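**Student:** Prediction below, plus the sequence it came from.
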Amino acid sequence: MKKHAFLGAAGWGRPEWSDAFYPSDMPEEWRLTYYNTQFDCVFLAASAWRQSDAATYESWAGDTHEHFLFLLEDARPEDLPAELAGRARGIARDDPRLLWFDGRTSLKVLAARLAPPDSEAPLYLISQDGEMGQIERVRTLLELMGL
């Protein structure tokens, strides 16, 4: 079985993405839909996802494709919203499957952490700072590594 790597960022509502990533005329409520066409997952801090309600979770599910993953910080299985069934994973910020990166992260170091695979468990590469140039370099690295 091939190892899977999911690329995403910490949240999708970054102000610095207003003109750099999202089309300038895009309404804010369409941003998750657009984000999910470019990324495989999103990491949401406990402070962000715990304050949401069932209607919000339903909206998130409707705005994303069926294979998109919501990585919910510190969610236990019983905490996972029913509206995101099969599409949400609880994960600790220090989980070894979670590979944080930012604009200063060495791609060589990141590549070493990605290979050789030590298990079939999926890996989640999450941009902490949303720096689009580095995100694109990491995307290229994943493609070159066949992940």
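**Tutor:** Sure thing, it's come through.
**Student:** which of the residues in the lowest-mean-pLDDT helix or strand in the chain are buried?
**Tutor:** Across the helices and strands of the chain, the lowest-confidence element by mean pLDDT, DSSP states H and E is helix 17-20, at a mean of 88. For helix 17-20, burial by neighbour count (16 or more other CB atoms under 10 Å) applies to residue 17. All C-beta spots, glycine's among them, are computed from the backbone N, C-alpha and C.
**Student:** So which residues make contact with that helix?
**Tutor:** With CB atoms under 8 Å, 6 or more residues apart in numbering as the test, helix 17-20 has contacts from 24, 130, 132.
**Student:** Among those, which one lies nearest to residue 100?
**Tutor:** Nearest to residue 100 among these is residue 130, at 12.2 Å by CB to CB.
**Student:** Quick check: closest non-adjacent residue to the closest one.
**Tutor:** residue 14 (4.6 Å; CB to CB, 6 or more residues apart in numbering).
**Student:** Ok, residue 76 next?
**Tutor:** residue 90 is the one closest to residue 76 (CB to CB, 6+ apart), at 5.8 Å.
**Student:** What's the local residue count around that neighbour?
**Tutor:** 17 (other CB atoms under 10 Å).
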